[in-house]
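**Student:** Just need the structure, nothing else, for what follows:
(chains A and B)
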Amino acid sequence: MNADPAKTTESQGAPGPRRVVEDVTCLLCGCLCDDLTVVVEDDSVVEVRNACEAGRRWFAQQAQPDPSPAASVDGQAVELREAVARAADLLSAARAPVVFGLTRTVTETVRDALELAEAVGARVVLNRAAADLGRVAAFQRQGRVAATLGEVKNRADVVVFWGADPARTHPRHGERYSVEAKGRFIPEGRGGRTVVVVDAEKTATAEGADVFIPLPPQHDVAALVALRLWLGGKTLGRDQTRTADGFDLAPLERLVPVLRQARYGAFFFQGRGPRHDRSGADWEAASRLVRDLNDVTRFVLLGLGGPGNLAGAEAALTWQGGFLQGVDYRLGLPSPLDDLATLDEILAAREPDVILSVADGLPEDLSDAARAHLAAIPRIVIGPGATATTGPARTVAIATAAAGFDAGGTVARADGVGLPVRTVRAATRPSDQAVVRGIRERLRESGVKLS
Amino acid sequence: MSYDLRIQGGLVVDPANDPEPRVGDVWVRGGRVAEPPATPDDAKAARTVDARGFVVMPGGVDVHCHIAGSKVNAARGMRPETQRGARFPGGDGVALRSGTAGVTPSTFATGYLYAGLGYTTAVDAAIAPLGARHAHHEFADTPLIDKAFLVLMGNNHFLMDRLRSGEGAAVRDAVAWLLGATKGYGVKVVNPGGVERWKQGKGGVATLDDEVDGFGVTPRAILTGLTRAVDELRLPHPVHLHGLNLGLPGNAATMLETLRAVDGHRAHFAHVQFHSYGPDDPKSKLFGSGVAALADHVNTHAGVSVDVGQVMFGETTSMTADGAVGHFLARLGGRKWMNLDVEMETGCGVVPVTYSDKNHVHGLQWAIGLEWFLRVDDPWRVALSTDHPNGGSFLSYPKILALLMDRGLRADVLKTLPGSVRRRTGLSDLSREYSLSEVAVITRAGPARMLGLADKGHLGPGAAADLTIYAPDDDKERMFSLPRYVIKAGEVVVEDGELRSGGLGHTLHVEPGYDRGILPALKDWFERDYTLQFANYPVGPEEVANPVRCPAGGGAS
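**Tutor:** Coordinates of the predicted model:
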């Protein structure tokens, strides 16, 4: 969606054309705040209203002039068309390509990237850690009792942050959705809610909570199971509340009456296991606890949401390919990614022969084995800053506009609410959607027999 | 002037225009059925489909299914086990996309499978306004068929507040605004007030006159208020109702009371099978059929139409905006459960269900659905539906048609079911058998009329050239499963069971006019309660795939 002209004002005069864009959605974190007002003068961002500090910084950075070329092949600046042709050649020749990323862009791009992936017989690997796949696996085993964030704002008189520290990672979460927010049945805002934090140490969110219970991450599953048992009326002896390494879960029992007496409880959960742990045992335990709580009162389980448009990418992957855990189009039909599903796992298995990254950068914690294979295969990178010369070498790089700044479309919050993404400035680069479509078009024109 | 297409010599079953099937030609020009040629010289068409010996009907129209949006996608995501064994590749030569079938097919598969079945229009019956954007995204990836959705309004805070204060004009304006903002087609009411009760943690049985706490309105007031608004807006489709107490024994009494509550208005009652359970005798705890009295009421009240929500035996996924029903089913089955409460608007529950022919209740549900088809005298008032995928897949429609056309087949199945099914329903007494014309009514002509789609469901001049051509077969299930040709907007999209096109159909929607004076109140409400900006709520025109704005509000289009 382009900026709604009704929502922007332009005026002439010093120091230059001034443009005020309202109702801007910020893609920096999982809050996806959509109430920003961005003021642009002479192509510079001069003011960002309503944003947190990190959001303000992000908008200012996007406005920096980018001297890097529009496109490059093997490190040499080339015309966009040449880079697109080379990308198409690499993909059509590949036997095991991977399309990676897709979370820092709009859903429209994801849809087109899925079509491209199908056409070239690629695996689609969203930029997700194994722990995210654990969340998916738990959903596929248990389902989830959830709500949109407005239900939390309007109804939740008990809010639990379990391993979640929005005050640090999602700065406006409390104000907009979960803590200070006022709602129809919580007119007092913060005063109408009991806020509980369970975390390893006293976090920024815990500082403002009514109840804080320390719990190291490795005991999440045991603690959630114990809560279920207590909720079901079981009595646990001292030997049963002690974990193998001697940690005592007994202090958590005081949460049981708080959870039970909630009129409408919201349980914000962040998996805290090792990033490579994809069992989803923690999410499953949380999910079962919240399900049981619905036999007593109303309770919902939510995540804080990852940055950008992970939820939108997951949704499109599911409606086109049928599998939330990831899709492999190598056989010409969608196969679920079950075993190797993260970029790290797939690269470490030395399977891909070309990788196309759309919108997202590489995960920071790639293993040495994954990095070694990455260096050995052609890499196509499409995204803002793709042609910059820092970082691992790129065979083909195409610089694009940035979703949420000079490229528009729609995104989805982790609770499924869809939002338009407005542009605050005219783009000087093509959108990633246009580039993805360009590659697809090139493949059609060249008549290459695909997959 | 020549024609694009001539469908020659088929047995044309077009009950909207002719009560009896008749051998003849159908002429197509510009995607529409055209007047036949005045002289033999004019009888030239770019393509002729030889339909001699075949049965020609309008394309099928599904008035109630769940094919898009967050609930369907949640089911796909949560239940990969139903898709693993049902994966298929894209097309060679024709631009077809790959996909998954199973209980909740992927978007592309949904379009191909509906078209392959001879259906050219499908209406998703339950989209939350907040989910409209997502639903339109999926529609844009659902090829071949025309799509529309109904917008959930029966638990909307703004509407309930206005109903309490008796602001009928504000209700009407807000309904019109919601339809325009979502690019929806009609008004859906699900368990009016009851979903709000569930969200408040006050589950349990409600009557039409229980007040919704915090809102001061009753389900009756919500239902009648919205029914009135839809009438006043002259929307093409009446209020589409999923009533109270779905699935609960004894709910036939609630449905009868609800039918009486909307007396004098147009109303469509959805998946009535799920609302027609005895006991008639309150002292008896035995679940049974309550169809007879309900069908009598429908037979004598012309403003009411129903779709059945037939249950078929097998694995499926229940999905509903009625969050309380989701919880009920989750407790009953103990299987996985997805729930989504949607701020200010509605709820959602998704639960796996296996309908077993060994199960007394499931057998009753199967028989009760068939009773509905057989007890409503006028086929124009009853539409074929399984409430896909709730009672079963839309792919089971041919099997249902075979049961309706053959009482022997029904008796054969009935014999295999628990004996209580025969004793507690009236199915074995019903000897009616559907004719081809009646089949055409409940699968296309009737649903099109219920939806107010003037150019669908018939083959008169000016109608959309959406047609299905079947090879007659004593095996009716086979006949209706495998149309020989399917034609969409004049283009042959299925030929001898093969897809010939992957083109996109249209998105049908309405935008009734309203008094813009309502906007400040809506904006205030948004800024107080919602978690997104008022300006970011409406679906933009560029987000709707091939939109067709249908007339509403007496020529507001």
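**Student:** only C-alpha atoms for contact and neighbour calcs from this point on.
**Tutor:** Fine.
**Student:** Looks to me like residue B:4 is in a helix.
**Tutor:** No: Residue B:4 is assigned strand when assessed by DSSP: H, G, I helix; E, B strand; the rest coil, not a helix.
**Student:** For stretch A:33-40, buried residues please.
**Tutor:** A:33, A:34, A:35, A:36, A:37, A:38, A:39, A:40 (16 or more other C-alpha atoms under 10 Å in any protein chain shown).
**Student:** Pull the number of nearby residues for residue A:103.
**Tutor:** By other C-alpha atoms under 10 Å in any protein chain shown, the residues close to residue A:103 number 27.
**Student:** close enough to count as contact, it and residue A:359?
**Tutor:** Yes: contact criterion C-alpha atoms under 8 Å: residue A:103 and residue A:359 qualify, at 7.2 Å.
**Student:** before we move on, back to that, got JSON lines for the buried residues of stretch A:33-40, with distance to chain B, secondary structure and pLDDT too?
**Tutor:** Formatted as JSON lines, those follow (distance: C-alpha to the nearest C-alpha, whole Å; DSSP: H, G, I helix; E, B strand; the rest coil; pLDDT from 0 to 100):
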{"residue": "A:33", "distance to chain B": "8", "secondary structure": "coil", "pLDDT": "98"}
{"residue": "A:34", "distance to chain B": "6", "secondary structure": "coil", "pLDDT": "98"}
{"residue": "A:35", "distance to chain B": "6", "secondary structure": "coil", "pLDDT": "98"}
{"residue": "A:36", "distance to chain B": "10", "secondary structure": "strand", "pLDDT": "98"}
{"residue": "A:37", "distance to chain B": "12", "secondary structure": "strand", "pLDDT": "98"}
{"residue": "A:38", "distance to chain B": "15", "secondary structure": "strand", "pLDDT": "98"}
{"residue": "A:39", "distance to chain B": "18", "secondary structure": "strand", "pLDDT": "97"}
{"residue": "A:40", "distance to chain B": "20", "secondary structure": "strand", "pLDDT": "95"}
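**Student:** Please enumerate the strands of the stretch 51-200 of chain A.
**Tutor:** A:71-73, A:76-77, A:97-101, A:123-126, A:143-147, A:158-162, A:194-199 (DSSP state E, counting those that start in this stretch).
**Student:** Can you tell me which of these is nearest to chain B?
**Tutor:** strand A:143-147 (4.3 Å; C-alpha to the nearest C-alpha).
**Student:** just checking, what packs against that closest one?
**Tutor:** helix A:281-293, strand A:298-302, strand B:337-341 (3 or more C-alpha pairs under 8 Å, 6 or more residues apart in numbering or on different chains; DSSP states H and E).
**Student:** Please identify the most buried of these.
**Tutor:** strand B:337-341 (a mean of 27; mean count of other C-alpha atoms under 10 Å in any protein chain shown).
**Student:** outside of that strand, which residues touch it?
**Tutor:** Strand B:337-341 is contacted by residues A:142-148, A:151, B:74, B:199, B:323, B:326-327, B:330, B:347-352 when judged by C-alpha atoms under 8 Å, 6 or more residues apart in numbering or on different chains.
**Student:** Stretch B:455-464 now?
**Tutor:** B:14-17, B:26, B:31-35, B:57-61, B:444-449, B:454, B:465-466, B:489-490.
**Student:** So which of those sit within strands?
**Tutor:** B:26, B:32, B:33, B:34, B:57, B:58, B:60, B:61 (DSSP state E).
**Student:** In the stretch 401-550 of chain B, where is pLDDT below threshold?
**Tutor:** Within the stretch 401-550 of chain B, no range satisfies pLDDT under 70.
**Student:** Residue numbers of it in contact with chain A?
**Tutor:** B:528, B:529, B:530, B:531, B:532, B:533, B:535, B:536, B:537, B:540, B:542 (C-alpha under 8 Å from any C-alpha of the partner chain).
**Student:** isn't the second one right next to residue A:150, touching?
**Tutor:** Yes: counting by C-alpha under 8 Å, residue B:529 sits close enough to residue A:150 to count as a contact (7.1 Å).
**Student:** Pull up the overlap in contacts between these two.
**Tutor:** Looking at what touches both residue B:529 and residue A:150 (by C-alpha under 8 Å, 6+ apart), the common residues are residue B:344.
**Student:** okay, the two: which has more neighbours?
**Tutor:** residue A:150 (25 against 20).
**Student:** Per-residue pLDDT of that one, please?
**Tutor:** We have a pLDDT of 98 for residue A:150.
**Student:** Residue A:448 now?
**Tutor:** Residue A:448 is given a pLDDT of 56.
**Student:** likewise residue B:555?
**Tutor:** Residue B:555 is given a pLDDT of 35.
**Student:** for residue A:181, same thing?
**Tutor:** Residue A:181 carries a pLDDT score of 98 in this model.
**Student:** Isn't it up against residue A:175?
**Tutor:** Yes: with contact defined as C-alpha under 8 Å, residue A:181 counts as touching residue A:175 (5.0 Å).
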